[in-house]
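Student: Below is the sequence, then the predicted model.
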Amino acid sequence: MKRKNDQKAPVIFGIVLVVIIAVFVSSVIKIAAYNKKVHHVTFAGESLFSAEEERSEEVSVKSEARTSTWTKCFDLNNEGLTEHNYQAYTYDFTVMNNTGDEVRDFSFKLNFGREIFLMSAWNGALEVHQNVTGGEMVATIPDMREFDASSYALDTVIFDGEPLIRMAADDYLIYIPSSSMNAMEVPIEPWEGTTPGIILYVPIGEDISNATIELNYTFHRLLTREPLFWIAIVAMAIWLIALVIYVITSIQIRKYKERHERDNEIIQESIETFIGFIDAKDPYTNGHSVRVAVYTRMIAEEMGYEGEELDRIYYVALLHDCGKIGVPDNILGKPGRLTDEEFEIIKSHTIRGGEILSHFKSLINVGEGALYHHERYDGSGYPEGRSGEDIPLIARMICVADSFDAMNSNRCYRKKLTTENIIDEIEKNKGKQFDPYIADIMLDLIKRGRIATS
């Protein structure tokens with residue numbers, strides 16, 4: 001289970017990293033799409049000429065005529081007029097960025113809604129569209145302050161030496177902002193604005209309040225203004241912290257495991273050395289303790305135990321016969337029937353084993369296996385005559401494993417039993433000598449061939 005968890009952690013880290021990268025890439029794609037989008041908005045009437053500050057639009061345009069004006073006489077039809085009949089207006093068109101993003105570029109289409117005469121404009125270029133006989137005349141004027149009428153095939157007039165562009169009611173112009181160092185109309189920084197302007201003439205008493213502006217603009221939103229970006233950054237920071245903690249913890253756990261494995265090796269070697277002394281006392285039982293420990297571990301594994309608990313069960317089972325170290329060799333190896341006194345000496349190995357292991361503090365309840373493995377489920381065993389679940393579970397497991405190995409081994413007083421006889425004995429003693437549940441597990445292991453009787 002721990003190995004599975006160890007393998008699962010890198011997979012989880014990998015999946016989370018892929019998700020974080022996907023969120024980051026999504027934020028980049030989202031920003032790129034947003035910055036490519038061309039926004040459109042139209043202003044006319046009050047929304048264009050209102051003196052009140054209006055910030056409801058992301059990017060707004062406000063137009064205002066300056067108070068200083070002058071008049072001139074335009075004798076358009078050579079009628080000999082002398083009175084001033086046209087008034088000059090200077091209009092400022094403030095393009096305001098009302099967002100935290102940068103306006104990368106903009107342009108606006110301006111239709112005056114009436115006939116006017118265009119005199120000048122600043123700071124950017126004007127793309128003039130005039131409807132003439134046979135089609136539309138289009139010309140781009142980089143700087144109206146340097147306008148030379150002779151250089152353009154536009155409908156123009158000259159009054160008092162000033163070239164003016166005649167704009168009919170259905171003509172329009174497109175303002176293209178300047179990015180030069182002098183004007184620097186684009187980009188427009190967040191919460192800032194730029195104010196191009198024009199000078200035009202209309203009949204005295206009239207204005208361009210019917211004008212319409214169609215504004216086109218694009219944003220340049222920084223990646224840092226995208227919530228998904230910060231979600232990815234925070235997630236990546238948490239991921240890196242978790243990774244560092246995981247790596248440090250894994251290193252510490254690995255060191256602990258290595259130290260633990262070395263300690264286990266020392267414990268196991270010490271126990272096996274001690275068990276070797278016991279098994280050497282009786283050639284017929286040589287290897288018995290190890291086999292009983294292996295069988296007990298297999299039973300415990302079938303019962304759901306794992307990891308360190310399996311190791312503990314193995315060691316407890318390995319030491320179950322340690323009390324035999326004090327039993328005389330002539331009694332252990334006696335081929336004939338034991339006397340009552342000799343049998344009592346044999347039985348005492350359980351108590352002696354419990355006493356020996358009482359000083360072994362490294363393994364929890366290590367003495368239970370040695371002390372109680374000869375107790376019987378029906379209460380007729382020794383040394384205390386315990387019964388049922390009053391007998392420690394590990395002792396009940398060792399009891400079945402110990403009896404199986406005894407039946408499956410040659411002894412000085414008999415030959416090993418056949419597989420059928422062993423199965424019959426275990427079946428017959430379920431609920432008597434053996435815990436029925438544990439006995440069934442042993443029988444299943446035998447029948448599945450996991451524990452061999454050969």
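Tutor: Yep, that arrived.

Student: When you work out contacts or count neighbours from here on, use the C-alpha atoms and nothing else.
Tutor: Fine.

Student: how does the chain divide up, domain by domain?
Tutor: Recorded structural domains for the chain (assignment: automatic domain parsing) are 1-36+239-273, 38-225, 281-447.

Student: So which of those is nearest Ile231?
Tutor: Of all the domains of the chain, it is domain 1-36+239-273 that lies closest to Ile231, at 7.8 Å by CA to CA.

Student: what's the offset of the closest one from the middle of its chain?
Tutor: In terms of CA atoms, centre = their mean, to the nearest Å, the centre of domain 1-36+239-273 is set 13 Å apart from its chain centre.

Student: now do stretch 229-240
Tutor: Once both centres are worked out by CA atoms, centre = their mean, stretch 229-240 turns out to sit 9 Å from its chain's centre.

Student: In CSV, please show the C-alpha coordinates belonging to that stretch.
Tutor: Provided in CSV are the C-alpha atoms of stretch 229-240 (Å, rounded to 0.1, in the frame of the first residue of the first chain):
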residue,chain,number,x,y,z
PHE,A,229,-3.1,34.0,-14.8
TRP,A,230,-3.0,34.7,-11.0
ILE,A,231,-4.9,31.5,-10.4
ALA,A,232,-2.2,29.7,-12.3
ILE,A,233,0.6,31.6,-10.5
VAL,A,234,-0.9,30.9,-7.0
ALA,A,235,-1.5,27.3,-7.9
MET,A,236,2.1,27.0,-9.2
ALA,A,237,3.4,28.5,-6.0
ILE,A,238,1.4,26.1,-3.9
TRP,A,239,2.5,23.2,-6.2
LEU,A,240,6.2,24.2,-5.8
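
Student: could you list every residue that touches the closest residue to Asn408 other than its chain neighbours?
Tutor: Nearest in space to Asn408, with sequence neighbours left out and distances taken as CA to CA, 6 or more residues apart in numbering, is Lys416 at 5.1 Å. For Lys416, the residues meeting the contact criterion (CA atoms under 8 Å, 6 or more residues apart in numbering) are 406-410.

Student: same thing but 7 Å
Tutor: 407-410 (CA atoms under 7 Å, 6 or more residues apart in numbering).

Student: same thing with Lys432?
Tutor: By CA under 7 Å, 6+ apart, the contact list for Lys432 reads 376-378.

Student: What of Asp101?
Tutor: Asp101 makes contacts with 190, 219-221, as judged by CA under 7 Å, 6+ apart.

Student: hmm, back to that, and the domains of the chain as TSV, adding distance to Thr453?
Tutor: Putting the domains of the chain into TSV (distance: least, CA to CA, whole Å) gives the following:
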stretch	distance to Thr453
domain 1-36+239-273	24
domain 38-225	72
domain 281-447	6
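
Student: taking the ones you listed together, which one is wrapped up most tightly?
Tutor: A comparison of these by mean neighbour count, using mean count of other CA atoms under 10 Å, puts domain 281-447 on top with a mean of 19.

Student: Could you check how far that domain is from the centre of its chain?
Tutor: Relative to the centre of its chain, domain 281-447 is centred 52 Å away, using CA atoms, centre = their mean.

Student: same question for that domain, mean pLDDT?
Tutor: Regarding domain 281-447, the rounded mean pLDDT is 88.

Student: ok so, going back, nearest to Phe434, of the contacts of Lys432?
Tutor: Within the contacts of Lys432, proximity to Phe434 (CA to CA) peaks at Tyr377, which comes in at 5.4 Å.

Student: secondary structure element for the residue lying farthest from the centre of the chain?
Tutor: Outermost residue of the chain with respect to the C-alpha centroid, by CA atoms, centre = their mean, is Gly80; its distance is 84.0 Å. Using DSSP states H and E, no element contains Gly80; it sits outside every helix and strand.

Student: Tell me the confidence at it?
Tutor: The model reports Gly80 with a pLDDT of 87.

Student: Got phi/psi on it?
Tutor: The phi and psi torsions at Gly80 (degrees, to the nearest 10) take the values phi 80, psi 30.

Student: end to end, how far does stretch 198-218 reach?
Tutor: Using CA to CA, to the nearest Å, one end of stretch 198-218 lies 24 Å from the other.

Student: Outside of it itself, list whatever touches it.
Tutor: In this structure, residues lying in contact with stretch 198-218 by CA under 7 Å, 6+ apart are 35-45, 85-92, 103-113, 116-122.

Student: mind listing which of those are in helices?
Tutor: 35-36 (DSSP state H).

Student: Can you spell out which helices and strands pack onto the helix ranked longest in the chain?
Tutor: Scanning the chain for the longest helix, with DSSP H as the assignment, gives helix 227-280. Secondary structure elements in contact with helix 227-280, counted by 3 or more CA pairs under 7 Å, 6 or more residues apart in numbering; DSSP states H and E, are helix 2-36.

Student: ok and the longest helix of the chain relative to helix 2-36, angle-wise?
Tutor: 170 degrees (axes from the mean of the first three to the mean of the last three CA atoms, to 10 degrees).

Student: can you give me the strands for the chain?
Tutor: Read by DSSP state E, the chain holds these strands, from start to end of the chain: 39-44, 59-65, 70-72, 86-97, 102-111, 116-122, 125-132, 135-141, 156-159, 162-167, 172-176, 193-194, 197-203, 212-220.

Student: Quick one: mean pLDDT for the second one?
Tutor: Per-residue confidence for strand 59-65 averages out to 92 on the pLDDT scale.

Student: now the angle from it to strand 197-203?
Tutor: Between strand 59-65 and strand 197-203, the angle comes out at 50 degrees (the same axes, to 10 degrees).

Student: on that earlier part again, in CSV: the strands of the chain, plus distance to Glu355.
Tutor: What follows is the strands of the chain, written out as CSV (distance: least, CA to CA, whole Å):
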stretch, distance to Glu355
strand 39-44, 90
strand 59-65, 91
strand 70-72, 121
strand 86-97, 90
strand 102-111, 85
strand 116-122, 107
strand 125-132, 105
strand 135-141, 109
strand 156-159, 122
strand 162-167, 117
strand 172-176, 101
strand 193-194, 94
strand 197-203, 106
strand 212-220, 83
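
Student: Thought Ile398 was touching Ala317, still the case?
Tutor: Yes. Under the contact definition of CA atoms under 7 Å, Ala317 touches Ile398, with a separation of 6.2 Å.

Student: so what sits against both of those two?
Tutor: The contact lists of Ala317 and Ile398 share 292, 296, 369, where a contact means CA under 7 Å, 6+ apart.

Student: Look up which residues are beta-bridged to Leu118.
Tutor: Beta-bridge pairing of Leu118 under DSSP bridges involves Ile165, Leu200.

Student: Would you mind measuring from Ile29 to Ala237?
Tutor: 21 Å.

Student: now Gly287
Tutor: Counting by CA to CA, the gap from Gly287 to Ala237 is 57 Å.

Student: Same check on Asp207?
Tutor: Distance, Asp207 to Ala237, by CA to CA: 60 Å.

Student: Ok, Glu344 next?
Tutor: Look at Glu344 and Ala237: by CA to CA, they are 71 Å apart.

Student: now Leu310
Tutor: When distance is defined by CA to CA, Leu310 is 40 Å away from Ala237.
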